[in-house]
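Engineer: Sharing a model that was predicted from the sequence below.
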Amino acid sequence: MSEQLLTELTIFILAVFVGIEVISKVPTTLHTPLMSATNAIHGIVLVGALLVAGVEAPRLGAILSVIAVFFASLNVFGGFVVTERMLTMFRPRSKS
Amino acid sequence: MTDTTFAPPIEYAYLITGVLFIVGLRLLGSPKTARLGNRIAAAGMLISLVAVLLTSGFVSWPILIIGLVCGAIVGIAGAQNVKMTAMPQMVAIFNGAGGGAAAMVAAAEFLTHLDAQSITPDVSITILLSAVVGAMSFTGSILAYLKLQELMTGRPIVYAGQQIVNALLALIMVGASVFAVYTCATDPTNTTPAIVAFFGAMAAAAALGVLVVLPIGGADMPVIISLLNSFTGLAAATTGFVLSNNVLIISGALVGASGTLLTLMMGKAMNRSVTNVLFGAFGAVATSGASSGASGASSGTVREASVDDVATMLAYANQVVIVPGYGMAVAQAQHSVRELADQLESRGVTVKYAIHPVAGRMPGHMNVLLAEANVPYPSLFDMEDINPDFPRTDVALVIGANDVTNPAARYDTASPIYGMPILDVDKAERVVVLKRSMKPGFAGIDNALYEDPRCVMLFGDAKKSVDALTAGVKRV
């Protein structure tokens, strides 16, 4: 394993621990918005798709990466918008 | 990464994004700050996207922008029009899109690296992981979507030798992956075998995604949706390894952790291990086991009530606990339920909602539906909090929930749901069950609750029944 991969693995493992710590504090009532927000967050793969698609020579790889951009973009924008829509509905006790 | 003193500017953008994601998720921990949290996470995403668009020397701008804009339009349109009851399907679709994107990025990277003959085992292993996990998540999510949207049967699909077929496919997937890594390392100039092995592994993974979700029944969907969520997170993280991109690694790890945690929670709420959910083919086994015993026993002993009986019972109660289930979602009855609760509350009745962790088709499904119907979230109670309250409850009103109220889970060791934590509705003074028919729930087993002398049934569409009850309560 290269030094770089080891560093990345370290980042990954620490992020997993942070994730567990943060997520375990989310109450059950917010689990659906949580899931849809994390859904939007994994749309970050869009960054990867753009990096690959932007520099690719025109062939199968290029086609694949443009489809990847489309999918990831759908994931990002849809995910955040639907989470926002859901969260506007959550409200504390009130009248009317 | 180059070894200059200063990292390229985009690395700083990635760092900020990673921090904003974590802060955003932290704020999602409370209903009061959740919206802010979502916006902070979205801002984090925007920062990296803008940074990547500005700093990379792209050669194919137009096609990129077309892909980006089309994806955004489709995603936003879907997000704005989806019904809250269909949220599990929506999440499944986004999951699949993310997984598919990760797999395709991996494939594109593989082809590029092959071209350049620059594949080290580090690179090929991470690429294959990303491709395989992404492909599984993609097809698995699509199948989950088809099931949830009822474009195909929601019941488990089982056939002889299912596990053997799955095991064989898994073997092919691993074998092809190993071969691809090996041939890249030993014979980098001959690309054909590597390409064949790579896409072979991906195809096997895609098939496996379908076959693993096939035997999963509707009520197990909360587990599988969470699991697919975690898989897509992992796919994004491995893509991060492939591209040496820290923000992908961090985000993927966060999502992977979140999905895994939710998966375990859902499994615990059903008293079943994840392996059991995945390979148990629960519904099918239970149906065949129960149909023999069920046929005669149930029909005779249940008591049917009229709308007026139940309306009177509710109107003169001190405390009513409403137990919603997937049936409420199917009938789109959440607004009607809210009206009934309003009517009761105006008469001084205390109304609470009891939410079982696996009610509905994804974690928190009922909470979102009730939130949509303007039910304030402090009225919603988790299982542990509401169960001690049932002995003080006059009427437990069960709307489209079944297995999560079955007391057999407490004492019947032969029952497939034995040991599953349930809502103790049978401890309430009276129980009213709103149900379409006597058809058993997802587990295919009779609910011992219905034969309890304190339990009455009100048959019919949940929405119509609830509306009738509201009118009935007004008349009392």
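Structural biologist: Now that the structure is in, tell me what you want to look at. Numbering: from 1, shown residues only, chains lettered A, B, ... in the order given.
Engineer: Check which helices and strands the lengthiest helix in chain A sits against.
Structural biologist: Criterion DSSP state H: the longest helix present in chain A is helix A:60-89. Where contact means 3 or more C-beta pairs under 8 Å, 6 or more residues apart in numbering or on different chains; DSSP states H and E, helix A:60-89 is packed against helix A:31-41, helix A:45-55, helix B:34-55, helix B:61-81, helix B:87-116, helix B:365-372. Glycine gets a C-beta too; all of them are placed from N, C-alpha and C.
Engineer: For residue B:83, the count of nearby residues, please.
Structural biologist: 12 (other C-beta atoms under 10 Å in any protein chain shown).
Engineer: which residues does it contact?
Structural biologist: Counting by C-beta atoms under 8 Å, 6 or more residues apart in numbering or on different chains, residue B:83 touches residue B:332.
Engineer: hang on, the earlier thing: run the chain-centre distance for the longest helix of chain A.
Structural biologist: From the chain centre to the centre of helix A:60-89 is a distance of 9 Å (C-alpha atoms, centre = their mean, to the nearest Å).
Engineer: What's the mean pLDDT across that helix?
Structural biologist: Taken as a whole, helix A:60-89 has a mean pLDDT of 93.
Engineer: now do stretch B:280-289
Structural biologist: Stretch B:280-289 comes out at a mean pLDDT of 47.
Engineer: Following element in sequence after the one helix or strand in chain B whose mean pLDDT sits lowest, please.
Structural biologist: The helix or strand of chain B with the poorest confidence is helix B:282-301; it has a mean of 43 (mean pLDDT, DSSP states H and E). Of the helices and strands lying after helix B:282-301 in sequence (DSSP states H and E), the nearest is strand B:303-304.
Engineer: angle of the longest helix of chain A against helix B:87-116?
Structural biologist: Per axes from the mean of the first three to the mean of the last three C-alpha atoms, to 10 degrees, the angle that helix A:60-89 makes with helix B:87-116 is 150 degrees.
Engineer: could you give the angle of helix A:60-89 to helix B:365-372?
Structural biologist: When the same axes, to 10 degrees is applied, the directions of helix A:60-89 and helix B:365-372 differ by 60 degrees.
Engineer: and helix A:60-89, which residues are buried?
Structural biologist: A:61-62, A:64-87, A:89 (16 or more other C-beta atoms under 10 Å in any protein chain shown).
Engineer: returning to that earlier point: could you identify which of the helices and strands packed on helix A:60-89 is most buried?
Structural biologist: Comparing the helices and strands packed on helix A:60-89 by mean neighbour count (mean count of other C-beta atoms under 10 Å in any protein chain shown), helix A:31-41 ranks first with a mean of 30.
Engineer: Residue B:260 contacts residue B:230, doesn't it?
Structural biologist: Yes - using C-beta atoms under 8 Å, residue B:260 is in contact with residue B:230, at 4.6 Å.
Engineer: can you give me the strands in the stretch 251-400 of chain B?
Structural biologist: B:303-304, B:319-324, B:350-355, B:380-382, B:395-399 (DSSP state E, counting those that start in this stretch).
Engineer: Show me which positions of the fourth one end up buried.
Structural biologist: When you say that, I think you mean strand B:380-382. Those buried within strand B:380-382 under the rule 16+ other C-beta under 10 Å are B:380-381.
Engineer: Show me what it pairs with in its sheet, parallel or antiparallel.
Structural biologist: Note on strand B:380-382: by DSSP bridges, its sheet partners are strand B:350-355 (parallel).
Engineer: The first one too?
Structural biologist: Looking at strand B:303-304 with DSSP bridges, its partner strands are strand B:455-459 (parallel).
Engineer: can you give me the helices for the stretch 351-476 of chain B?
Structural biologist: B:365-372, B:383-386, B:408-411, B:462-475 (DSSP state H, counting those that start in this stretch).
Engineer: Need those in CSV (columns: distance to chain A and mean pLDDT).
Structural biologist: As requested, the helices of the stretch 351-476 of chain B are arranged in CSV below (distance: least, C-beta to the nearest C-beta, whole Å; pLDDT from 0 to 100):
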stretch, distance to chain A, mean pLDDT
helix B:365-372, 4, 93
helix B:383-386, 9, 94
helix B:408-411, 19, 90
helix B:462-475, 17, 94
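Engineer: and among those, the most buried is which?
Structural biologist: helix B:365-372 comes out most buried of these by mean count of other C-beta under 10 Å, with a mean of 27.
Engineer: From the rest of the structure, what touches that one?
Structural biologist: Outside helix B:365-372, the residues touching it (C-beta under 8 Å, 6+ apart) are A:28-33, A:86, A:89-91, B:84-85, B:87-88, B:222, B:324-326, B:328-329, B:334-335, B:337-338, B:353, B:355, B:359-360, B:377, B:380.
Engineer: List buried residues within those residues.
Structural biologist: A:28-33, A:86, A:89-90, B:84-85, B:87-88, B:222, B:324-326, B:328-329, B:334-335, B:337-338, B:353, B:355, B:359-360, B:377, B:380.
Engineer: on that earlier part again, so which of the strands of the stretch 251-400 of chain B gets nearest residue B:278?
Structural biologist: Closest to residue B:278 of the strands of the stretch 251-400 of chain B, according to C-beta to C-beta: strand B:350-355, at 25.0 Å.
Engineer: Name the residues that touch the closest one?
Structural biologist: Under C-beta under 8 Å, 6+ apart, the answer for strand B:350-355 is A:28-29, B:318-324, B:341, B:344-345, B:366-367, B:370, B:375, B:379-383, B:386, B:389, B:396, B:423, B:425.
Engineer: what's the angle between that strand and strand B:395-399?
Structural biologist: Using the same axes, to 10 degrees: strand B:350-355 against strand B:395-399 is 40 degrees.
Engineer: what is the mean pLDDT for strand B:350-355?
Structural biologist: On average, strand B:350-355 scores 96.
Engineer: Show me how far that strand is from its chain's centre.
Structural biologist: With C-alpha atoms, centre = their mean, you get 23 Å for strand B:350-355.
Engineer: relative to strand B:319-324, how tilted is that strand?
Structural biologist: Using the same axes, to 10 degrees: strand B:350-355 against strand B:319-324 is 30 degrees.
Engineer: Return the distance of the spatially most central residue of chain B relative to residue B:431.
Structural biologist: Nearest residue to the geometric centre of chain B (C-alpha atoms, centre = their mean): residue B:225, 3.1 Å. Using C-beta to C-beta, to the nearest Å, we find residue B:225 at a distance of 30 Å from residue B:431.
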